[in-house]
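In: give me the fold of what follows.
(chains A and B)
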2 protein chains.
Amino acid sequence: MTTTQTPNPIPRESARPTDRLDFDTVTDVVVVGGGGAGLPTALFTRWGGAEVIVLEKAEQVGGTALKAAYWYWVPDNEPMRAAGLHDDETDYLRFVARLSYPARYDAGSPTFGLTDLELRGLRAIHESASPAAELLNERGALPYRHVPDVPDYHSELPEDVANRGRVLIHRDAAETMHDGGRVTTRSLAEAAERDGVDIRLRHRVQRAVVHEGRVVGVEATTADGTPVRIGARKAVVFTSGGFTHDDELRRNHLAHPVFPGCAAPTNEGDFLRIAMPLGAQPRNMNAAWMCPLPLEKTVARRPDLSGTFTMVGDSMVIVNKEGRRFVNEKLQYHEIAQSFFRWDGEAAEYPNLVSVCVWDQRTAETAGNDRFGSVIPAPGSEDTAHVIVGETLADLAEQIRLRFEKYAAHTGGARVADDFLPTLRNTLETFNAAAHAGEDAEFHRGERPIQHVFNGAVPDDDHGANPTMFPISDTGPYYATLLTGGTLDTKGGPQVDEDARVLDDSGEPIPGLYGVGNCVASFSGGSYWAGGATLGPIIAFSYRAAASITGSVADSVTGEAAASR
Amino acid sequence: MTTTQTPNPIPRESARPTDRLDFDTVTDVVVVGGGGAGLPTALFTRWGGAEVIVLEKAEQVGGTALKAAYWYWVPDNEPMRAAGLHDDETDYLRFVARLSYPARYDAGSPTFGLTDLELRGLRAIHESASPAAELLNERGALPYRHVPDVPDYHSELPEDVANRGRVLIHRDAAETMHDGGRVTTRSLAEAAERDGVDIRLRHRVQRAVVHEGRVVGVEATTADGTPVRIGARKAVVFTSGGFTHDDELRRNHLAHPVFPGCAAPTNEGDFLRIAMPLGAQPRNMNAAWMCPLPLEKTVARRPDLSGTFTMVGDSMVIVNKEGRRFVNEKLQYHEIAQSFFRWDGEAAEYPNLVSVCVWDQRTAETAGNDRFGSVIPAPGSEDTAHVIVGETLADLAEQIRLRFEKYAAHTGGARVADDFLPTLRNTLETFNAAAHAGEDAEFHRGERPIQHVFNGAVPDDDHGANPTMFPISDTGPYYATLLTGGTLDTKGGPQVDEDARVLDDSGEPIPGLYGVGNCVASFSGGSYWAGGATLGPIIAFSYRAAASITGSVADSVTGEAAASR
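Out: All right, here's what the predicted structure looks like:
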């Protein structure tokens, strides 16, 4: 799960649009970004008959998707239908409306309390994710297999009727599925090359070219600073990712003071800056796809950082700086991560901002692995700098105290409480009693189906009623790591419509401008419906953007460039 | 505390800038908005020698400030100095940095972990709030008296050294200070008229006029739809308030799904839409000045809505839909309001979104009042539609259940738990024991100085150790009201520098464009330092904007307008 950080990043310049029309190249469609949204968009537009150039800032394609399992969540997909599973549109809408807009979901309203645009956006996913997946499959770009048994992340909600079977994955991904992003990226890129998509690496798009109110191209700079102007006869589609790696944007927009997460290092909010002067309206800016993160790797800005998707191990707990549990450790990653940002208005602090995952030798041996960002390393792993070790619990607590101090300048001065050790002892005693009983009265660990997915394989000696809990050993060694929360990527940006057209402040499309993926406002609000709920909608909107663009016969490039081609 | 809602609001049009230079009028400075930021800005620029036109969208001046007590928080103010209180700049910076950026405050760093711009913005308040207050005082626009004894809202923090004495208020405000906003607005408006500021009501600014990259005027529409173009030789200063009353902006930016609060109904985010196409960068968009609100008044969009600043009464508790306490009822309003938006990731809901304030006959009689948005009405008040009454606790619980159901379409379907009544009984029993003991072990009610300010006057029969708590009566009648949280106003918008100049994506000022108040990004992050921490900095930045503008000799209006004057 390693990737290379972009060497010598190409500097950002002013994002103000230009009206210079002397293009170096003119094509039909410029796709900005060659990741999980860019490659499908390039393929669908190419298949629609367009000439396509992809401009990718990094030295490789794949973006954040390279690190993903590349599950894609496809409601009403073909394998479901083949298995006789009905995924009704209204039921689907009810479920995603309930989760995405929980404070205004209105069960009794035909719109479920949503705006017309929100409803159209959500409906588009149900309508187009499956045809998009089928087309990618048919043309060999993304042959899939069905993952029939994984439940949605809130499958217990009564609104979630067709609550499993919506996940697809590349046919050739490993059994563990952790290599799905690499396998899928390779597969999509090979199809793009096969079908004549022109992919140009190390091109940073700096601004749009606008002519008479229409986006007709972009200006980019290459690795050596050379400006390149590319005209687009039909459309420019941004698929350039969120703003995970722009400190200023993250701090000034997201609902929580998160740490930078595991998105591709090139995800710096470029589209936001480029689109606002064109009249685009930022929406869903408070939301992100969230995940626990090992504190030390995010502070170090490790390019190989992965979100901690699975909090494995049964003899394991998470405690805060007081030494108390505060969250169900097997909750879905998106929800655990938010618990780190609970605000204490009395003390004016985030008491869980830096938390501690504690485990014993048994879990180190039975649950440790290097997949899906597990913070409990595989036995023998060399990636253990984030692991704190103590022969006794007292040793461990002292090492934890020192580690908090080492990072205090990055954490608002978070320090462990003076009585951390005795509190931790009490916490473990209570947890062990709960593990014996198989019931976690306080945090309900293991009570829902999805939690067993995140729990991972159950060790042979865990015969208890609740395989997510096992007493933590009375004897050392013990292990710990500091945890916090961050983004997989953000999910706010310019408002788009159900065909991925970027809208202005009057709700009208900005001619020639589209956006797909984490660079635009997601229709999912602050929620994370299921594994693959990131990429499934992305595939749907890639498909719809392409249909909207290639169905058009407009040829809008004017001036010298048009004359010269 | 009533105001009139704007009749027949002037419709919003496209905010895209224009380059039409055929102005109807040309002046030196156009101030957009005539509220708590606009009037001081108009005065300071006028006093700097500029010809000034104020364009106010409503039919009256005052904006949100009309509803305020108009405390203004002035660090290192003259009365403090006269009393020998030293308010050191570094101590001040430490305090506001610690509160405003709690997750990255770094006590050991000379910048306290802040960016250079953040530090300059905070320093500007310390430097200029007092000179601004003195000038307003000297010229009779805002003669003040000192409020020496009110502590800051987190005065217990070790970083808060000069932790009281920073509040000023209009000299002629009542003893209770609740009329401060009306008194101050009148006073500022009279000074503006006296000194020749041209105030034009019912003018909605729709867009900026831009010439060669400089903002040289605005286009407005009047109540009857007439377009008016006004040129500005020196600058346009927006002071048009936040986006409290724009549902879409509120939902897509703020950290919490808040209800619309008590800002002036004209606060609809106009500046954000107008400034983004000019290159402005939205910042601090996740933050608001927050307050509890009576649910029913905010759902009804009552123009006379006030935030509930003081949660008065000792025999009173706040419980959630389960019937449990979850917050210290005497916490500062900004913090109580946030507790309503605690997210439960397990149930995927906001369990405290609709909460219930419960009180007895004794508190109704001894604490009820109609000031500062108290939800416990003054005896004899006619404003009681939001009050639920029950002769017994069982009656009350049943009425609460019905009231939740009545509002379910506005609250994501919030309903009281089946065992609400027995849980409420337990809660009251526990609370009463705590009140007898004078100690609230769970929520620490009454432990900090500021909580006694919000508690209000202590009834004669409350002789306990803790005057914020008194046992709730064993016999009815009982009273309740549904509470939620919202904004006084938002505090995000275009990024400005320490002189209120609006910055572009390269960090350069956009020539001719300034912003002051809730329409721009506050330097206070998500925090609320003290009473008057809204208006004190506003006065400082009004003053600095004026100094920056009137110190300039540039005359940038060109074309026909310049020729014709």
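In: the stretch 1-150 of chain A: strands as residue ranges?
Out: Ranges of strands within the stretch 1-150 of chain A are A:25-32, A:52-55, A:72-73, A:144-147, based on DSSP state E, counting those that start in this stretch.
In: which of those strands is buried the deepest?
Out: strand A:72-73 (a mean of 29; mean count of other CB atoms under 10 Å in any protein chain shown). No exception for glycine: its C-beta is placed from N, CA and C like everyone else's.
In: so what are the sheet partners of that strand and their directions?
Out: Counting by DSSP bridges, the strands paired with strand A:72-73 are strand A:167-170 (antiparallel).
In: could you point out the helix or strand that follows the partner strand?
Out: Sequence-wise, the next helix or strand downstream of strand A:167-170 (DSSP states H and E) is helix A:180-194.
In: now find how far off-centre the helix or strand following that next one is within its chain.
Out: Going down the chain from helix A:180-194, the next helix or strand is strand A:198-200, by DSSP H and E. Remark: strand A:198-200 is offset 25 Å from the chain centroid, using CA atoms, centre = their mean, to the nearest Å.
In: and the average pLDDT for strand A:198-200 is what?
Out: Taken as a whole, strand A:198-200 carries a mean pLDDT of 98.
In: A:T366: what's it in contact with?
Out: A:T366 is in contact with A:313, A:459-461, counting by CB atoms under 8 Å, 6 or more residues apart in numbering or on different chains.
In: spell out which parts of the stretch 301-450 of chain A neighbour chain B.
Out: A:327-328, A:331-332, A:334-336, A:338-339, A:342-343, A:345-346, A:348-350, A:353, A:408-413, A:444 (CB under 8 Å from any CB of the partner chain).
In: give me the neighbour count for the nearest residue to A:L119 once chain neighbours are set aside.
Out: Excluding its sequence neighbours, the residue lying closest to A:L119 (CB to CB, 6 or more residues apart in numbering or on different chains) is A:T111, at 5.6 Å. Neighbours of A:T111 under the rule other CB atoms under 10 Å in any protein chain shown: 12.
In: could you do A:T90 as well?
Out: Applying other CB under 10 Å, I find that A:T90 has 12 neighbouring residues.
In: kindly report the same for A:S381.
Out: Quick note: A:S381 (other CB under 10 Å) scores 13 neighbours.
In: my guess is it contacts A:D370. True?
Out: Yes - with contact defined as CB atoms under 8 Å, A:S381 counts as touching A:D370 (5.7 Å).
In: take the residues of the stretch 301-450 of chain A next to chain B and keep only those in strands.
Out: In this view, those have no member that belongs to strands under DSSP state E.
In: and the longest helix for chain A?
Out: Of all the segments assigned as helix in chain A under DSSP state H, the longest by residue count is helix A:116-138.
In: distance from that helix to the middle of the chain?
Out: 19 Å.
In: gap between the closest residue to A:D504 other than its chain neighbours and A:P511?
Out: The shortest distance from A:D504 to any non-neighbouring residue, by CB to CB, 6+ apart, is to A:G279 (3.8 Å). Going from A:G279 to A:P511 by CB to CB, to the nearest Å gives 11 Å.
In: got a list of contacts for stretch A:357-365?
Out: A:311-319, A:329, A:367, A:375-376, A:379, A:396, A:424, A:428, A:459, A:461, A:470, A:472-473, A:476-481, A:483.
In: let's see which of those end up in strands.
Out: A:316-319, A:478-481, A:483.
In: these: which two are farthest apart?
Out: Spatial extent of the ones in strands among the contacts of stretch A:357-365 (CB to CB) is set by the pair A:Y478 and A:L483 at 15.7 Å.
In: got the confidence number for the spatially most central residue of chain A?
Out: Taking CA atoms, centre = their mean, the centroid of chain A lies closest to A:L488, which sits 3.9 Å from it. For A:L488, the model assigns a pLDDT of 97.
In: contacting residues around it?
Out: By CB under 8 Å, 6+ apart, A:L488 lies in contact with A:64, A:244, A:261-263, A:288-291, A:307, A:534.
In: in those, which residue is surrounded by the most others?
Out: Neighbour max across the contacts of A:L488 (other CB under 10 Å) = A:A288, 33 neighbours.
In: how many neighbours does A:P110 have?
Out: Around A:P110 there are 9 residues (other CB under 10 Å).
In: which residues sit in contact with it?
Out: No contacts exist for A:P110 under CB under 8 Å, 6+ apart.
In: where's it relative to A:S100, distance?
Out: 17 Å.
In: could you tell me the end-to-end distance of stretch A:266-277?
Out: End-to-end span of stretch A:266-277 (CA to CA, to the nearest Å): 21 Å.
In: likewise stretch A:483-497?
Out: End-to-end for stretch A:483-497, by CA to CA: 37 Å.
In: now do stretch A:338-358
Out: 19 Å.
In: can you give me the buried ones in that stretch?
Out: Neighbour counts over stretch A:338-358 (16 or more other CB atoms under 10 Å in any protein chain shown) mark A:338-343, A:345-346, A:348-358 as buried.
In: now that stretch, how far from the centre of its chain.
Out: 22 Å.
In: ok, stretch A:150-164 next?
Out: On CA atoms, centre = their mean, the centre of stretch A:150-164 falls 20 Å from the chain's centre.
In: how's chain A carved up into domains?
Out: As recorded under automatic domain parsing, the domains making up chain A are A:17-188+A:207-287+A:491-565, A:291-487.
In: of the residues of the stretch 301-450 of chain A next to chain B, which belong to helices?
Out: Using DSSP H, A:334-336, A:338-339 are the members of these that sit in helices.
In: ok, those residues vs B:P494, which is closest?
Out: Nearest to B:P494 out of these is A:Q338 (CB to CB; 28.6 Å).
In: would you mind measuring from that closest one to A:N286?
Out: Counting by CB to CB - A:Q338 and A:N286 are separated by 12 Å.
In: thinking again about what came up before, nearest to chain B among the ones in strands among the contacts of stretch A:357-365?
Out: Distances from chain B to these, taken as CB to the nearest CB, are shortest for A:I318 (13.4 Å).
In: name the SS class of A:T363, please.
Out: helix (DSSP: H, G, I helix; E, B strand; the rest coil).
In: model confidence for it, exactly?
Out: Taking A:T363 on its own, its pLDDT is 97.
In: go on, A:A562?
Out: pLDDT, read off for A:A562, is 34.
In: with A:P459 instead?
Out: A:P459 is assigned a pLDDT of 88 by the prediction.
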